[in-house]
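Asker: Task: produce atomic coordinates for the following.
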Amino acid sequence: MRFLFLLAIFVVCSCARGGCEPKTVNIGAVLSHKRYEQVFKDAVSQANTIYGRDKFKMNAISVYAILVSHPAQSNDHLTPTPVSYTAGFYRIPVVGLTTRMSIYSDKSIHLSFLRTVPPYSHQAQVWFDLMREFRWNHIILIVSDDHEGRAAQKRLETLLEERETKTKNRNFENLDQQSFDFRRGPKAEKVLLFSQDTNLTALLMEAKDLEARVIILSASEDEAAAVYKAARHLNMTGSGYVWLVGEREMTGKALSEAPDGLLGLQLINGKNETAHIMDAVSVVAQSLQELFEKENITEPPRGCVGNTNIWRTGPLFKRVLMSAKYPDGLTGRIEFNDDGDRRFATYSILNYQQKPGRLVQVGMFNGSQVHHLHHQHHHLQLGPLDQAVYTES
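Answerer: Model (predicted):
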């Protein structure tokens, strides 16, 4: 696996001072495979047709933005981290194409990083909606004790707390009505964290002693496989239990150990690097057009050897990028939140059925809510729901 660093030129017009002076800018791309080189060139050519004069040149000079991929099973030196650190120092925006790890949302570390995919922790929004859909009011949350697990835990707990606050406020508003009660919304009955040294059997025995039978798992592929295996030995994967997971927990080794009826998620176009290259280039081109309508645009640093000057316009360009709205991307509607993460991501909701031994799509999350699930309950295998779900009535 090797990275390719490419540079492409946009020719845009700067009209901030009255005239329309052509301006040549460069964007870079750090891609996971040589086959994406032409995709990048084509994307730039198309963007130049739309936003400026068509021109492409491989020439290392000032770079206004860098696109960066994240190859599967990459070593540390092949992650976007080195690019993010270096570009962040100079305040040059970096657009991640397939990077899902939640650490890149931390702007105290990755200053100039934004991405066209959401982090894994955002799957908690879909879990929360599924809890509401099935009225799963009590769940057990099992998470790996690392940054990814804690990010998922924090996001789900925040959603649950916000829902509980709204429920309480609604009940207090109806205090004078006989309908007032103290019913609570969905909640995590227990959060269980584990590490490589954790005795999974003991951990799951603690979960087994609880009343809730809906288990949400956030873990790596290998960790999930180990959890499923231990759960199967404790008879926690059959009738009466529901397992709800994200994408990593139903991939490769994890899927080979997955319990029948597992419910999980898959980001639509999440691994389609070609589509993300095209969309990222379009968003950058659109933002460059807006950037050059402003005054006092400075040039980015020319190289980093012996150069410690940050790009003064870099923070402004990042703000322009993060406020971009691109409704017709190949991967769907593209907007960013305050952390630079993709908003309105769409997921397939998948159900693992050992017979016929495949993942079956049973619903969708359209970026804001679960839909099409009601119409496909007859395809969904979760075990007897009256045993699996612990609710308050």
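Asker: Low-confidence stretches in the stretch 1-150 of the chain?
Answerer: With pLDDT under 70 as the threshold, the stretch 1-150 of the chain has low-confidence stretches at 1-23, 52-61, 72-78.
Asker: mind checking how far the spatially most central residue of the chain is from Pro71?
Answerer: With distances taken as C-alpha atoms, centre = their mean, the chain has Pro118 as the residue nearest its mean C-alpha position (2.0 Å). The gap separating Pro118 from Pro71 is 19 Å, by C-beta to C-beta, to the nearest Å. Every C-beta, even on glycine, is put in place using the N, C-alpha and C of the backbone.
Asker: Now do the contacts for the residue nearest to the centre of the chain.
Answerer: Taking C-beta atoms under 8 Å, 6 or more residues apart in numbering as the criterion, Pro118 is in contact with 100, 267, 341-343, 345.
Asker: next one: Leu97
Answerer: Remark: with contacts taken as C-beta under 8 Å, 6+ apart, Leu97 is in contact with 67-70, 115-117, 273, 276-277, 280.
Asker: Next: Tyr120.
Answerer: In this structure, Tyr120 makes contact with 100-102, 148, 151-152, 218, 246-248, judged by C-beta under 8 Å, 6+ apart.
Asker: What sits closest to it if chain neighbours are left out?
Answerer: Leaving out its chain neighbours, the residue that sits closest to Tyr120 by C-beta to C-beta, 6 or more residues apart in numbering is Arg100, at 5.1 Å.
Asker: excluding its backbone neighbours, what's nearest Asp338?
Answerer: In space, Asp338 comes closest to Met322 once its chain neighbours are excluded; the distance is 7.6 Å by C-beta to C-beta, 6+ apart.
Asker: What distance do you get for the one you found to Glu273?
Answerer: As defined by C-beta to C-beta, Met322 lies at a distance of 22 Å from Glu273.
Asker: who has more neighbours, those two?
Answerer: Glu273 (20 against 17; other C-beta atoms under 10 Å).
Asker: Quick check: which element contains Phe40?
Answerer: Element membership of Phe40, judged by DSSP states H and E, is helix 37-51.
Asker: Surely Ala275 is in contact with Ile334?
Answerer: No. Ala275 lies out of contact with Ile334 (C-beta atoms under 8 Å); the separation is 10.9 Å.
Asker: Just want to know which of the two has more residues nearby.
Answerer: Ile334 (23 against 18).
Asker: The more buried one pairs with what?
Answerer: Listed beta-bridge partners, Ile334: Tyr326 (assigned using DSSP bridges).
Asker: check contacts around it.
Answerer: For Ile334, the contacting residues are 116, 279, 283, 324-327, 342, 344, taking C-beta under 8 Å, 6+ apart as the criterion.
Asker: Checking my notes, Val284 in a strand, right?
Answerer: No. Remark: Val284 does not belong to a strand; assigned using DSSP: H, G, I helix; E, B strand; the rest coil, it is helix.
Asker: Let me know the pLDDT of it.
Answerer: We have a pLDDT of 93 for Val284.
Asker: surely it meets Val95?
Answerer: Yes. Between Val284 and Val95 there is a contact under C-beta under 8 Å: 6.6 Å.
Asker: Which neighbours do those two have in common?
Answerer: Residues touching both Val284 and Val95 (C-beta under 8 Å, 6+ apart) are 65, 67, 321.
Asker: Secondary structure element for Ile139, which one?
Answerer: Under the criterion of DSSP H and E, Ile139 resides in strand 138-144.
Asker: Check Ser84 too.
Answerer: For Ser84, the element it lies in under DSSP H and E is helix 81-90.
Asker: Number of residues surrounding the closest residue to Ile310 other than its chain neighbours?
Answerer: By the measure of C-beta to C-beta, 6+ apart, the closest residue to Ile310 outside its immediate chain neighbours is Arg91, 4.8 Å from it. Other residues near Arg91 come to 19 when the count uses other C-beta under 10 Å.
Asker: Which residue ranges of this protein form helices?
Answerer: 37-51, 81-90, 123-134, 147-173, 200-208, 221-233, 253-257, 273-291, 314-322, 385-388 (DSSP state H).
Asker: now for the fifth one, which elements pack on it?
Answerer: In this structure, helix 200-208 packs against strand 138-144, strand 187-194, helix 221-233, with contacts taken as 3 or more C-beta pairs under 8 Å, 6 or more residues apart in numbering; DSSP states H and E.
Asker: Please tabulate those in JSON lines and include mean neighbour count and distance to Ala258 as additional columns.
Answerer: As requested, the helices and strands packed on helix 200-208 are exported to JSON lines (neighbours: other C-beta atoms under 10 Å; distance: least, C-beta to C-beta, whole Å):
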{"stretch": "strand 138-144", "mean neighbour count": "24", "distance to Ala258": "14"}
{"stretch": "strand 187-194", "mean neighbour count": "17", "distance to Ala258": "18"}
{"stretch": "helix 221-233", "mean neighbour count": "20", "distance to Ala258": "6"}
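Asker: picking that back up, so which of the shared contacts of Val284 and Val95 is the closest to Arg135?
Answerer: Closest to Arg135 out of the shared contacts of Val284 and Val95 is Leu321 (40.3 Å), distances taken as C-beta to C-beta.
Asker: what's the neighbour count on the closest one?
Answerer: Neighbours around Leu321, by other C-beta under 10 Å: 23.
Asker: next one: Pro93
Answerer: Around Pro93 there are 28 other residues, counting by other C-beta under 10 Å.
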